[in-house]
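# Turn this into a structure:
(chains A and B)
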There are 2 protein chains.
Amino acid sequence: MFENTSGRAELSELGEFGLIEQIKQSVTIYHSEETLKGIGDDAAILDSKGQLTVVSTDMLAEGVHFDLTFHPLKHLGYKSVVVNLSDIYAMNATPKQILVSVALSNRFSLEAFEELYAGMQMACKQYQVDIAGGDTTSSRAGLVISITAIGVAKKEELVYRNTANSKDLLCVSGDLGGAYLGLQILEREKRIFLENPAIQPDLAGNDYILERQLKPEARKDIVEKLRECGVTPTAMIDVSDGLASEIFHIARQSGLGCELYENKIPIDPQTFERAREFGLDPTVCALSGGEDYELLFTIRPDDYEKIREHVDVSIIGHMTDASLGVNMITKSGSSIPLKAQGWDALLNKER
Amino acid sequence: MFENTSGRAELSELGEFGLIEQIKQSVTIYHSEETLKGIGDDAAILDSKGQLTVVSTDMLAEGVHFDLTFHPLKHLGYKSVVVNLSDIYAMNATPKQILVSVALSNRFSLEAFEELYAGMQMACKQYQVDIAGGDTTSSRAGLVISITAIGVAKKEELVYRNTANSKDLLCVSGDLGGAYLGLQILEREKRIFLENPAIQPDLAGNDYILERQLKPEARKDIVEKLRECGVTPTAMIDVSDGLASEIFHIARQSGLGCELYENKIPIDPQTFERAREFGLDPTVCALSGGEDYELLFTIRPDDYEKIREHVDVSIIGHMTDASLGVNMITKSGSSIPLKAQGWDALLNKER
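Here you go, the predicted model:
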């Protein structure tokens, strides 16, 4: 637990346990009654007081999930926490602690490390979550961040992926495709900069989609609002890989089909415009872009009136019998089978 | 949770969710009453039935913690689980589940991946632990394995690092330094092989120390035996970084000093002989070698009689007041200040 297990520390000027001390000192514990023991022993001790413990883990690797030329370390720290908390909220649970493991090479300075942790701390403060432990190690290659999030829930509150019913309404929070377009902007400006370092990056007018990519939020507010409205989703998942593949998770695991309405998919005007500029179909960006961290969930048709006033949720379709398959009704009114498109499909502008 | 979050899977011939399915199918759940939900949702759900939840995480990086030229993937999978469970046992708790995150590059085949998981499964079976979830992602560089272990304990059973008392006896299980000497053998044979690939590695006569390095075990048996004997350690830690630094953890965090007897440090004859052959001091190997995963703990002097018959524990010293410092009484009878020597000290043959 926050031991430098490598023994061959690259940040060794700090002294043998200096780095761990550094982390211990900078960590604020927000919920001491549930975090009995944090950093500084073999393991953290959590007291969930008879509730169920919900755990999730996600790993982010340099060159795959982020590019340090345009992902500032503080934002990266923030995002790496948020993507994990998002999984806990998607169970309709409340995150309480995280464990943080970081592998980093000696090209990182102590200041860089502090930036990363400052971002993690910001997210912990925002979501009232404790850093209860972790591990730091050197790496021969890039930066790898692995976070485990731990939450609590009452058994009756938990929402799974496989419990949707036929005729349930399909809902999604916020809007989709923005994080993907933000990434396109960042990669374009990086290419221009590499070709001609004299040209400054032009990021003006893209604030919203850049923030969607660089500093996403977990939809804690949606989980809370639904609870206030007295609505428990019948199934729920967070949108990390793109709307299409998340719909498939719910449909397949629940043994159902789904009808999705293209014209109901929420897309922000900035996302829409930038997609057009890049020659991309905005719908495809929403279906396959990923990293939006919105919540996709199903509700009983009766519950529609209760959440109707809830402005930040869109009804985008409904569940059907499995025999009908998973289809999208396009803007022109035709029904086409939905594909769980990944990045490859997107890059080939399939459809 | 066991989602391929990269979206750019290198093992893509398996299909989008094929790898996750592969893992789901190969995972056996041992304790279903405590693992309410495993792989296949946003998070795993654990029911610890009013007990405290104990969590620990460790990250292993290629080129730092292991060398794939001599760490077979199955052994590596086994070891990566064991080192995490060892942290849970060191709290006097019982591990119940693990979450496994793996970043791997496209030079790995599906078979290699299966080997790694087969080793993890073996460890899970050995220690009756469930793989409750995880994450797989591609990596631009080496293999990185991050495991979070989750255990349970009653509050009164938990043993911390900072609760030793002056005059308590210092005990260690098994023997020390073997894993480090095993590594020296493997690195020597690798160098010889690289210089002349016609020469086959000569590993004969080193079975014990090679197993200590390649397939260590967590001392579940010691935790159980102590419980049977009715002895609760006053402080405990596992020996991952070497005896010296673990003694310092207990002493400093408990606000105490310590007197360690060099002639009481348990060293296997094979470890001793190989250390001499390498021109290394066997005591230094035990103090600073690390990766032994034995348990270092303190007990009340009164409890000595109860564990005396327990053959696999050595009394190696006792705790003192902080003002006396942390010292080792050498074989020649002189008292020297102990240093929390790391690898650097070891390589320079300090002392």
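
# ok, the residue in the stretch 101-250 of chain A that chain B sits nearest to - contacts?
Across the stretch 101-250 of chain A, the shortest distance to chain B (CB to the nearest CB) belongs to residue A:141, at 2.7 Å. Backbone N, C-alpha and C define where each C-beta goes, glycine included. With contact set as CB atoms under 8 Å, 6 or more residues apart in numbering or on different chains, residue A:141 has these partners: A:62, A:105, B:62-63, B:139-142.

# Of those, which is the most crowded?
Using other CB atoms under 10 Å in any protein chain shown as the neighbour test, the contacts of residue A:141 are led by residue B:139, with 25 neighbours.

# For that residue, give its distance to chain A.
5 Å (CB to the nearest CB, to the nearest Å).

# That residue is in contact with residue B:105, isn't it?
Yes. Contact status for residue B:139 versus residue B:105: in contact at 5.1 Å, counting by CB atoms under 8 Å.

# Wasn't residue A:101 part of a strand?
Yes. In this structure, residue A:101 lies within a strand as judged by DSSP: H, G, I helix; E, B strand; the rest coil.

# Count the neighbours of it for me.
Using other CB under 10 Å, residue A:101 has 28 neighbouring residues.

# and it, bridged to which residues?
residue A:135, residue A:146 (DSSP bridges).

# what about the residue positioned nearest the centre of chain A, distance to chain B?
Closest to where the C-alpha atoms of chain A average out (CA atoms, centre = their mean) is residue A:83, at 3.1 Å. Separation of residue A:83 from chain B (CB to the nearest CB): 8 Å.

# Helices of the stretch 151-300 of chain A, start to end?
Secondary structure of the stretch 151-300 of chain A (DSSP state H, counting those that start in this stretch): helices located at A:178-195, A:207-214, A:220-228, A:243-254, A:269-277, A:282-288.

# Would you mark the buried spots in the longest one?
Within helix A:178-195, the residues that count as buried by 16 or more other CB atoms under 10 Å in any protein chain shown are A:178-186, A:189.

# What of stretch A:250-268?
Buried residues in stretch A:250-268, counting neighbours by 16+ other CB under 10 Å, are found at A:250-254, A:256-262, A:265-268.

# before we move on, back to that, in terms of model confidence, name the weakest of the contacts of residue A:141.
Taking the contacts of residue A:141 together, the minimum pLDDT is found at residue B:141 (71).

# Now do the same for that one: helix, strand or coil?
Assigned with three-state DSSP, residue B:141 falls in the coil class.

# how about the residues of the stretch 151-300 of chain A near chain B?
Taking CB under 8 Å from any CB of the partner chain as the contact definition, the stretch 151-300 of chain A meets chain B at A:151, A:153, A:158, A:160-162, A:236-238, A:240-242, A:245, A:253, A:290.

# show me where pLDDT drops low in chain A?
A:1-40, A:311, A:340-351 (pLDDT under 70).

# 50 instead, please
A:1-10, A:12, A:15-16, A:342-351 (pLDDT under 50).

# tell me the domain boundaries of it?
With automatic domain parsing as the criterion, the domains of chain A are listed as A:3-157, A:169-347.

# now the strands for the stretch 201-350 of chain A?
All strands of the stretch 201-350 of chain A, identified by DSSP state E, counting those that start in this stretch, fall at A:235-238, A:256-261, A:295-299, A:313-321, A:326-329, A:335-337.

# Reformat the contacts of residue A:141 as TSV; add distance to residue B:174.
As requested, these are exported to TSV (distance: CB to CB, whole Å):
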residue	distance to residue B:174
A:62	38
A:105	34
B:62	27
B:63	28
B:139	35
B:140	39
B:141	35
B:142	31
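
# Among these, which one lies nearest to residue B:279?
Distance to residue B:279 across the contacts of residue A:141 (CB to CB) is lowest for residue B:63, with 25.6 Å.

# pretty sure that closest one contacts residue B:142?
Yes. Between residue B:63 and residue B:142 a contact is recorded at 5.7 Å, counting by CB under 8 Å.

# Between these two, which contacts overlap?
Shared contacts of residue B:63 and residue B:142, defined by CB under 8 Å, 6+ apart, comprise A:139-141.

# on that earlier part again, OK, contacts around the residue nearest to the centre of chain A?
Residue A:83 is in contact with A:58, A:60, A:216, A:218, A:240, A:293, counting by CB under 8 Å, 6+ apart.

# where's it, which helix or strand?
Using DSSP states H and E, residue A:83 maps to helix A:73-89.

# how many neighbours does the residue nearest to residue A:93 when sequence neighbours are not counted have?
Nearest non-adjacent residue to residue A:93, counting by CB to CB, 6 or more residues apart in numbering or on different chains: residue A:153, 3.6 Å away. By other CB under 10 Å, the residues close to residue A:153 number 20.

# Ok, residue A:276 next?
Per other CB under 10 Å, the neighbour tally for residue A:276 reads 11.

# does it really touch residue A:282, like I thought?
Yes. Between residue A:276 and residue A:282 there is a contact under CB under 8 Å: 7.1 Å.

# For residue A:205, give me phi and psi.
Backbone torsions of residue A:205, given as degrees, to the nearest 10, read phi 80, psi 0.

# Against residue A:164, how distant is it?
39 Å (CB to CB, to the nearest Å).

# Give me the more crowded residue out of these two.
For residue A:205 versus residue A:164, the count of surrounding residues by other CB under 10 Å is larger for residue A:164: 27 against 12.

# which residues does the more buried one contact?
Residues counted as contacts of residue A:164 (CB under 8 Å, 6+ apart) are A:234-235, A:250-251, A:254, A:256, A:298, A:319.
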